[in-house]
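[1] below is the sequence, then the predicted model.
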Amino acid sequence: MQRSLYANSRVLRGCQIVLSRSLRLTWQEFDPPSRTSSPLSPFVISHGMLGNKRNWTTVGRILAEKTSRKVYAVDLRNHGQSPHSDEMTFFSMAEDVVEFCRHHDIASSILIGHSMGGRVAMTVALTRPEIVDRLVIVDASPSPKLGTRWNWVMNVLRAMNQLDLSKVKNQMDADAKLRPLIEDKGLRQFVLTNLRKNARHQYEWAANVPVMLASEKQLFTFPTFTTQFTKDTLFVGALKPNTLEPELDYIMDLFPTAKVRYLNTGHFVHHEDPKGFVELIDAFVDPNRTQDVPHLY
């Protein structure tokens, strides 16, 4: 598994061609029960901001078993075990995913992306539609406006940046030091999945927090596109709160065939209701499907 190699590639932004240097992403994979080579397009999953490939372990295993498709979950750049870079845009992250597919001989895949990873997946579909079989976007939209979660995400990143990791003794100590800055226990626990020890046995963030803070404008507004993705697309939104409803016009402008379904969860849809989430995905990708994707709520 290579973590720090680069590959030159060309990214299409509307009518402009930009030379980009892609990174080799780390990943985990889940095989279908038969373990034989499947002719079906595999899933390639991109996590949200401050997440990593491990967030998709449960759903990845179930999807592989239920759909008989191979599942890859990647660490996006500046996350998890993947390389860090000073460049962090949806185009650069999308090109990393394209390079991942090329490196693994994936001619066509079903892209799943949650939150920031959803915007990465949308960028791949809009710039390289020939390598995308179908598209699944989880609680994210292509809105050019600052998202509703912008304030609290920026506050979390600032809190992480303020924490003096040289004085952290262990996970519990880090939790105590973050408590005044991040009051929500569940959110703190999620943030602390990024805490790790480096080769010098010192604590550090797996996520490249300074670059994320510096890339605020690039990460919280979606780029303008003149193209559309017209293949099968499913948007899975949360109801607590429902942030997709106000963005439906933006969705249909770029993804005119999109179906929108909701689950009665918060933002981490696949974590809070893995059974309902997999049911929607299984119905969406079933090659023998005769009925529409169900409305569970």
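    Yes, it's here. Numbers count the residues shown, from 1 in each chain.

[2] skip the chain neighbours and tell me the closest residue to Phe190.
    The shortest distance from Phe190 to any non-neighbouring residue, by C-beta to C-beta, 6 or more residues apart in numbering, is to Leu50 (7.0 Å). Yep, even glycine has a C-beta here, placed from its N, CA and C like the rest.

[3] I figured the one you found hits Gln189, correct?
    No: using C-beta atoms under 8 Å, Leu50 is not in contact with Gln189; the gap is 11.7 Å.

[4] tell me who's in contact with the residue of the chain positioned farthest from its centre.
    Largest separation from the mean C-alpha position in the chain: Lys167, at 31.5 Å (C-alpha atoms, centre = their mean). Contacts for Lys167 (C-beta atoms under 8 Å, 6 or more residues apart in numbering) come out as Lys177.

[5] where do the strands of the stretch 51-200 of the chain begin and end?
    71-74, 109-114, 132-138, 195-197 (DSSP state E, counting those that start in this stretch).

[6] ramachandran coordinates for Leu23?
    Note on Leu23: its backbone torsions stand at phi -110, psi 150 [degrees, to the nearest 10].

[7] and it, how many neighbours?
    25 (other C-beta atoms under 10 Å).

[8] same check on Arg289?
    11.

[9] which residue lies nearest the spatial centre of the chain?
    Central residue of the chain (C-alpha atoms, centre = their mean): Gly117, 2.3 Å from the mean position.

[10] spit out the contact partners of that residue.
    Applying C-beta under 8 Å, 6+ apart, the residues contacting Gly117 are Ile45, Ser46, His47, Gly48, Gly51, Leu76, Ala140.

[11] now it: how far from Leu63?
    15 Å (C-beta to C-beta, to the nearest Å).

[12] same question for Ser215.
    For Ser215 relative to Leu63 (C-beta to C-beta), the value is 30 Å.

[13] ok, those two, which is more surrounded?
    Set Ser215 next to Leu63 and count neighbours by other C-beta under 10 Å: Leu63 wins out with 29 against 17.

[14] now stretch 238-258: mean pLDDT?
    Mean pLDDT, stretch 238-258: 95.

[15] and that stretch, how far from the chain's centre?
    Averaging C-alpha positions (C-alpha atoms, centre = their mean, to the nearest Å) puts stretch 238-258 17 Å from its chain's average.

[16] tell me how the protein divides into domains.
    What automatic domain parsing lists as the domains of the chain is 6-145+221-285, 150-214.

[17] most neighbours per residue, which of those?
    Mean neighbours per residue, mean count of other C-beta atoms under 10 Å, is largest over those for domain 6-145+221-285, with a mean of 19.

[18] and the domains of the chain, which one averages the lowest pLDDT?
    Looking at the domains of the chain, the bottom one is domain 6-145+221-285 with a mean of 91.

[19] and the residue nearest to Ser68 when sequence neighbours are not counted, how far is that from Ser38?
    Spatial nearest neighbour of Ser68, excluding adjacent residues (C-beta to C-beta, 6+ apart): Pro32 at 4.4 Å. Plainly put, Pro32 is 6 Å away from Ser38 if you go by C-beta to C-beta.

[20] same check, this time on Trp56
    In terms of C-beta to C-beta, Trp56 sits 19 Å off from Ser38.

[21] same question for Gly113.
    On the measure of C-beta to C-beta, Gly113 and Ser38 end up 22 Å apart.

[22] this completes my enquiry, with thanks.
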